[in-house]
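[1] predicted model follows, preceded by the sequence.
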Amino acid sequence: MLLHQQQASRLQAEEDLRQRICSFWLTRNQKAPETVSRVETWQDLVAELSARGVPTPINDRYDRAVTGLMNGVLSAREKTPVGWDFKSLIQVVHRMCDGYPEHALTMGFALREYECDDLIKA
C-alpha cells in the first residue's frame, strides 16, 4: 500500500511539473526578453527536471532544438500555432519537418496523441 501511494505521489508530481512547464511555455513572449522573475521561473523548472534525471537546456530562448520541440508539441496539443507567427497548424508541421528534422517523428507522435488525424493524412 505504501509503495502504491509513493508511486501515485511521484506520478502526480511529474504531471504537475509537466503542466507548469507547458503553462510557462504557452505564456512566454518569444520576441521580447523575459523578465527576471520569468527567467527565475524557467531556471526553477529546469532544476526540477534535472533533479528527475532529465537532460535540460541551459536557456530556453537560445536552445533552438528545445524551442522547436516545445513549440511543435504544444501546437499539436493546442491545435493552433504556438511560438511562431503561423496562421495554421500545417505550417508548424512543415517548419518542424524542414527546420527540426530531429523532431519530425516526435511531431508525428504528438499529432497522433492530440488527435490531429487530418494533418497526418495530408
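    It's in.
[2] and the helices in this protein?
    2-26, 36-51, 64-78, 89-99, 104-113, 117-121 (DSSP state H).
[3] so where's the chain uncertain?
    Low-confidence segments of the chain (pLDDT under 70): 58-62, 120-122.
[4] center of this protein, which residue is that?
    residue 70 (3.0 Å; Cα atoms, centre = their mean).
[5] measure the residue nearest to that one when sequence neighbours are not counted to residue 5 for me?
    Spatial nearest neighbour of residue 70, excluding adjacent residues (Cβ to Cβ, 6 or more residues apart in numbering): residue 25 at 5.0 Å. Using the backbone N, CA and C atoms, a C-beta is placed for each residue, glycine as well. According to Cβ to Cβ, to the nearest Å, residue 25 stands 31 Å off from residue 5.
[6] in terms of neighbours, single out the busier of these two.
    More crowded of residue 25 and residue 5, by other Cβ atoms under 10 Å: residue 25, with 20 against 9.
[7] against residue 7, how distant is the more buried one?
    Taking Cβ to Cβ, one finds residue 25 at 27 Å from residue 7.
[8] do the same with residue 88
    Taken as Cβ to Cβ, the span from residue 88 to residue 7 is 41 Å.
[9] residue contacts, residue 100?
    Neighbour list for residue 100: 65, 68-69, 72, 107 [criterion: Cβ atoms under 8 Å, 6 or more residues apart in numbering].
[10] could you do residue 26 as well?
    74, 78, 82.
[11] so the residue nearest to residue 70 touches residue 74, yeah?
    Yes - contact status for residue 25 versus residue 74: in contact at 6.0 Å, counting by Cβ atoms under 8 Å.
[12] what do these two both touch?
    82-83.
[13] let's see stretch 34-51 as CSV, backbone CA atoms only.
    Taking C-alpha atoms only, stretch 34-51 is exported to CSV below (Å, rounded to 0.1, in the frame of the first residue of the first chain):
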residue,chain,number,x,y,z
GLU,A,34,11.9,37.6,-20.3
THR,A,35,11.6,39.5,-17.0
VAL,A,36,13.8,38.5,-14.2
SER,A,37,11.0,36.6,-12.5
ARG,A,38,10.2,34.6,-15.7
VAL,A,39,13.9,33.7,-16.1
GLU,A,40,13.9,32.5,-12.4
THR,A,41,10.7,30.5,-13.0
TRP,A,42,12.3,28.8,-16.0
GLN,A,43,15.5,28.1,-14.1
ASP,A,44,13.4,26.5,-11.3
LEU,A,45,11.5,24.3,-13.8
VAL,A,46,14.8,23.3,-15.4
ALA,A,47,16.2,22.4,-12.0
GLU,A,48,13.2,20.2,-11.2
LEU,A,49,13.6,18.4,-14.5
SER,A,50,17.3,17.9,-13.9
ALA,A,51,16.6,16.5,-10.4
